[in-house]
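# Show me the folded form of this:
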Amino acid sequence: MTTKKTNTPGPWHYKSMGPKYGGWSIGFTRHVAEGKSCDALTGRDLPAHDVDERIARVMANCYNDGSANARLIAAAPDLLAAAKMAAHALAEYDEPAILRDVRAAIAKATGDKAEGVQ
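Below you'll find the model as predicted:
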């Protein structure tokens, strides 16, 4: 039995990696409770703190600096949630073409087979 893989929960953010590294880092902030991690040098428990985790890195290319792509990727959890709400609302109305497109986009994001899409 295989376990379905899910995305990293949002919200995600993006920030410049600076001129030395270039590009943009997309990630999320994870809270670590007190005593759940330790200082590698001293071995002492650390107080509660936030840790930035990277999900992806977007590099600049000859067409743009990558910021638009970084913003789009960082918005992915919010866009997926909005698409799911839209699909639910559209199912109440007779909008099969729009509903098909929304369900296809959700399936692409989740790795599922879209309902009603060939």
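
# so what pLDDT did residue 58 get?
At residue 58, the pLDDT value in this model is 91.

# burial measure for it, as a count.
23 (other CB atoms under 10 Å). Quick note: C-beta positions are derived from backbone N, CA and C, even for glycine.

# just the one 5 residues further on next, same as before
Summarising burial for residue 63: neighbours were counted as other CB under 10 Å, giving 8.

# Doesn't it belong to a helix?
No - if the criterion is DSSP: H, G, I helix; E, B strand; the rest coil, then residue 63 is coil and not within a helix.

# How much space separates it from residue 24?
In this view, residue 63 and residue 24 are 15 Å apart by CB to CB, to the nearest Å.

# can you check residue 94 too?
42 Å.

# If you count surrounding residues, which of these two has more?
Neighbours were tallied for residue 94 and for residue 24 using other CB under 10 Å; the higher tally belongs to residue 24 (23 against 7).

# Can you read off the backbone torsions of the more buried one?
Backbone torsions of residue 24, given as degrees, to the nearest 10, read phi -130, psi 140.

# Equivalent analysis for residue 6, please.
According to degrees, to the nearest 10, residue 6 has phi -120, psi 160.
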